[in-house]
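In: A structural model of the following input is requested.
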Amino acid sequence: MSRPGVVVTGLTLAALAAVGLLAFQANGAATRTTEAKPSASASATPTPSVSATPTAPALPASSGTGRRVVYSAGSHYVWLVDPKKTPPTQSAFPVTPGSVEPAPGSYTVYSRTATGMGTDGRQIEHVVRFTQQNTVVFGFSAALDGATPPADPKTKTGGIRSGRADSQTLWDFAPNGTKVVVIP
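Out: The predicted model follows:
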């Protein structure tokens, strides 16, 4: 005869294992689904994705080497690149620049903040800073309300905004010390 506590403990452990397995499978299924999508489809319904978007420009050849975040000041796109993975471009997405652009070059993520207040007065999250030039701090973030309006040209800001899902992906990809390459 079993004791009720042993049965409850066993059932609880089995339920936790099942939930963990389902979460693992769902994560893998999401990755397989986004990687298997055709490059473009007129009838496709847009859905959020953690992989490169079908309409993203190709990663520029002049974007450096190694694991890195690439930001194009000209096209206002970000690519997350890990040459040890297939495909090497883990994600690519459009961003809205601040009123000032960082100079082209190679930088390193030096500071991260989970939440805060942007220079535009909006609550922001996933702040990933990579350089400071002439008193302007440059970094990536997302507004909690998901807005990505153009920066106020009267305010010097280096905040590069993305949608919340893309911001989460960048946050997960770029801890302190990650290389950031800014290209024209």
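
In: and stretch 144-163, end to end?
Out: Stretch 144-163 has an end-to-end distance of 9 Å (CA to CA, to the nearest Å).

In: pull out the buried residues from that stretch.
Out: Using 16 or more other CB atoms under 10 Å as the burial criterion, the residues of stretch 144-163 that qualify are 148, 151, 157-163. (Each C-beta comes from the backbone N, C-alpha and C, glycine too.)

In: could you pull up the mean pLDDT of it?
Out: The pLDDT scores in stretch 144-163 average 93.

In: quick revisit: next, format the buried residues of stretch 144-163 as a markdown table and append secondary structure.
Out: Shown next, in a markdown table, are the buried residues of stretch 144-163 (DSSP: H, G, I helix; E, B strand; the rest coil):
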| residue | secondary structure |
| --- | --- |
| 148 | coil |
| 151 | coil |
| 157 | coil |
| 158 | strand |
| 159 | strand |
| 160 | strand |
| 161 | strand |
| 162 | coil |
| 163 | coil |
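
In: just name the closest of those to residue 58, please.
Out: residue 162 (19.0 Å; CB to CB).

In: if I read this right, the closest one contacts residue 76, doesn't it?
Out: No. The pair residue 162 / residue 76 is not scored as a contact, 9.9 Å apart, by CB atoms under 8 Å.

In: which residues touch the residue nearest to residue 100 when sequence neighbours are not counted?
Out: Closest residue in space to residue 100, ignoring its immediate chain neighbours: residue 136 at 5.0 Å, by CB to CB, 6 or more residues apart in numbering. Each residue near residue 136 by CB atoms under 8 Å, 6 or more residues apart in numbering is listed here: 98, 100, 156-158.

In: got it, and residue 131?
Out: Residue 131 makes contact with 102, 107, 110, 137-138, 180 under the criterion CB under 8 Å, 6+ apart.

In: now do 10 Å
Out: Residue 131 sits next to 102-103, 105-110, 137-139, 158, 180, 182 when contact means CB atoms under 10 Å, 6 or more residues apart in numbering.
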